[in-house]
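[1] Sequence below, structure please.
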Amino acid sequence: MAKVREWNFATNDGRNVKVAWEKKNIRVNDGEPVKLTSLKSAESSVLETVYEIGIGNGESAKLCLSTLNGKNKILTYNGRDVETGMEHEIPVVPNWIYVFFALFIVNWFLIVGGALGVLINMGGFALCGKVASKQDKSTGYRVLMCAIIYVGFTLLGLGLAIGLRVLLDGMR
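    All right, here's what the predicted structure looks like:
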């Protein structure tokens, strides 16, 4: 039997709402299942995929899935987590992060290609994305941290590339 995640909450007008997520479908108040992919919101970013779920009366809830931590699944209504009541802000990724994304792609082509290169560079980019979305820090600080992360992951890639080269040359 497939695992079902359910949330129950009350709307501002007092209606009780039940949202159930099973596999790739969403059900509202035990209604017909709707494919999750058809609900993707424009608010989605590199760090979080957001799905807008209609709950009646023109209102909607948002299912927020972290792309960095697949376990982080938050349903929000009026900007608040329906389980905790805490405010949930969808992370905003600044446009300058795409410069670092391009740099990590260049690293993948020039330093360590293949699956290992993808893992290293995606890890670096994910970490940069997480740092870049922290709105409580200044832009200069976030850019500097991303630059340090980039240099660190580039050195890691270079070290692995040199190490693999030495290892392979020693096998001849």
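[2] Just the mean pLDDT for the strand or helix carrying residue 140, thanks.
    When secondary structure is defined by DSSP states H and E, residue 140 falls within helix 139-170. Across helix 139-170, pLDDT averages out at 90.
[3] What residues of it count as buried?
    142-143, 145-146, 149-150, 153-154, 156-157, 161 (16 or more other C-beta atoms under 10 Å). C-betas here are computed from N, CA, C, even on glycine.
[4] Which secondary structure elements does that helix sit against?
    On a contact count with 3 or more C-beta pairs under 8 Å, 6 or more residues apart in numbering; DSSP states H and E, helix 139-170 meets helix 97-110, helix 114-132.
[5] Centre of the chain to it, how far?
    23 Å (C-alpha atoms, centre = their mean, to the nearest Å).
[6] Tell me how many other residues crowd the closest residue in space to residue 97 that isn't next to it in sequence.
    Closest residue to residue 97 apart from its sequence neighbours, by C-beta to C-beta, 6 or more residues apart in numbering: residue 132 at 4.5 Å. Residue 132: 26 surrounding residues under other C-beta atoms under 10 Å.
[7] do the same with residue 106
    12.
[8] what do you get for the one 5 residues further on?
    The local packing count at residue 111 equals 20, with neighbours defined by other C-beta under 10 Å.
[9] Residue 49 too?
    Quick note: residue 49 (other C-beta under 10 Å) scores 17 neighbours.
[10] what's the domain layout of the protein?
    Listed domain ranges for the chain are 4-81, 97-170 (source: automatic domain parsing).
[11] got those as CSV, with distance to residue 91 columns?
    Below are those laid out as CSV (distance: least, C-beta to C-beta, whole Å):
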stretch, distance to residue 91
domain 4-81, 5
domain 97-170, 4
